[in-house]
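S.K.: no sequence for this one, just the structure:
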Ligand SMILES: [Zn+2]
């Protein structure tokens, strides 16, 4: 395992908020390196420079964790796109790239496992074995390449999340386990989200919470309850979309004509960077320890979140200075003043 001199995730959390950043799959899909639909991170092997660059952009924006892009790089998903033979190479390369960029700054590297689509609560015994084998092979490669902790994310089922937790704990690594929240109150196996977080925490998960599906407006109210019930570290990684009580998840967002717009026509609902900065402040005030972002995330949001937490990050060098804008800034030249009426409406 490559030597790393910095502090681990638990020491960092003890000292304050850790800023995370995800949304790799959606962002690399927008950039033309991942196919929407299967969402398999083929970019890891096909265009490593593109992934390296996005890691670097998140690092410059203040992310303290480089999450290896092994989301959906499991046996089941690779089979779907006919690349099962690339399984080991894809997993190893993803962790290597995360390490490479993490060392350019002071970031940690997280291994990443996720919902497998193989878990079946009605056939718990045999499906659990399949899921466990998928996690074990992914994480054994990740450990060999060097990781600081593991994020098990987007868990629709508490049962599947508990398998992930067990595998991570057997490896002796800190575990961050976060649930998906597509249903109003419960996991797909019927546990209230708050209860499920409590169970994960009681079973030894170091960090618990929610990721994906919900924007800040509909995720934070649940997290507020999780914070009250759980004494350990809590994580939020919402999507940067304007979800609301009638449409609490980005999967349920609809355009004005009633059409579902998930997953590739979501832009009208994107939050602004100011709204994501506000989310970071509110999460901090609630006592959330790991503040991140999920699908739809991009470097400009992460920088705004970092700055909202009072940090100056490498990309802050180019943070907005609207006062220097020639038309809407502080000083408008005489010769342009007559056109201001069109700018200000
Ligand atoms: Zn997501």
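M.R.: Cool, got the structure. Quick caveat: nothing in here was measured; it's all calculated off a predicted structure. Numbering: from 1, shown residues only.

S.K.: switch to C-alpha atoms for all contacts and neighbour counts from now on
M.R.: Will do.

S.K.: what is the end-to-end distance of stretch 141-152?
M.R.: Stretch 141-152 has an end-to-end distance of 15 Å (criterion: CA to CA, to the nearest Å).

S.K.: could you do stretch 240-255 as well?
M.R.: This stretch, stretch 240-255, spans 17 Å end to end (CA to CA).

S.K.: which residues sit against it?
M.R.: For stretch 240-255, the surrounding residues in contact (CA atoms under 8 Å, 6 or more residues apart in numbering) are 181-182, 184, 213-218, 239, 260-263, 266, 269-271, 276, 293-297.

S.K.: do stretch 99-106 as well
M.R.: So stretch 99-106 is in contact with 6, 52, 55-56, 59, 64-66, 108-109, 146-147, going by CA under 8 Å, 6+ apart.

S.K.: residues near the residue of the stretch 1-150 of the chain found nearest the ion, how many?
M.R.: As assessed by CA to the ion, the ion sits closest to residue 23 within the stretch 1-150 of the chain, at 5.8 Å. Applying other CA atoms under 10 Å, we find 23 other residues in the vicinity of residue 23.

S.K.: tell me how far it lies from residue 156.
M.R.: Look at residue 23 and residue 156: by CA to CA, they are 18 Å apart.

S.K.: one more: residue 249?
M.R.: 13 Å.

S.K.: surely the residue of the stretch 1-150 of the chain closest to the ion is in contact with residue 301?
M.R.: No - the criterion here is CA atoms under 8 Å, and residue 23 misses it with residue 301 at 11.0 Å.

S.K.: give me the number of residues near residue 15?
M.R.: By other CA under 10 Å, the residues close to residue 15 number 10.

S.K.: residues contacting it?
M.R.: So residue 15 contacts nothing (CA under 8 Å, 6+ apart).

S.K.: name the nearest residue to residue 120, sequence neighbours excluded.
M.R.: residue 127 (5.8 Å; CA to CA, 6 or more residues apart in numbering).

S.K.: please pick the buried ones from the contacts of stretch 240-255.
M.R.: Neighbour counting over the contacts of stretch 240-255 (16 or more other CA atoms under 10 Å) leaves 181-182, 213-218, 239, 261, 266, 269-271, 276, 293-297 as the buried ones.

S.K.: name the SS class of the residue in the stretch 51-200 of the chain that the ion sits nearest to, please.
M.R.: For the stretch 51-200 of the chain, the residue positioned closest to the ion under CA to the ion is residue 154, at a distance of 7.2 Å. The three-state label given to residue 154 by DSSP: H, G, I helix; E, B strand; the rest coil is strand.

S.K.: what sits closest to it if chain neighbours are left out?
M.R.: Closest to residue 154 by CA to CA, 6+ apart is residue 180, at 4.3 Å.

S.K.: OK, contacts around the one you found?
M.R.: 153-156, 187, 210-213.

S.K.: let's see 10 Å
M.R.: Taking CA atoms under 10 Å, 6 or more residues apart in numbering, we find residue 180 in contact with 114-115, 153-158, 186-188, 193, 209-214, 238.

S.K.: before we move on, what about residue 172?
M.R.: 149, 166.

S.K.: could you do residue 176 as well?
M.R.: Residues in contact with residue 176, defined by CA under 10 Å, 6+ apart, are 9, 110, 112, 149-153, 164-165, 168, 200-201, 204-209, 233-235, 290.

S.K.: now it. Its backbone dihedrals?
M.R.: Here is the backbone geometry of residue 176 (degrees, to the nearest 10): phi -110, psi 120.

S.K.: for the one residue in the stretch 101-250 of the chain that gets nearest to the ion, grab phi and psi.
M.R.: Distances between the stretch 101-250 of the chain and the ion by CA to the ion are smallest at residue 212, namely 3.8 Å. Phi and psi for residue 212, reported as degrees, to the nearest 10, are phi 70, psi -180.

S.K.: ok, and for stretch 31-47, which residues are buried?
M.R.: Buried residues in stretch 31-47, counting neighbours by 16+ other CA under 10 Å, are found at 33-35, 39-45.

S.K.: out of these, which sit inside strands?
M.R.: Per DSSP state E, strands hold no members of the buried residues of stretch 31-47.

S.K.: in helices only, show me those.
M.R.: The helices, defined by DSSP state H, take in 43-45 from the buried residues of stretch 31-47.

S.K.: any chance of CSV for the residues you listed, columns distance to residue 306?
M.R.: Below are those laid out as CSV (distance: CA to CA, whole Å):
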residue, distance to residue 306
43, 27
44, 27
45, 30
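
S.K.: thank you, goodbye.
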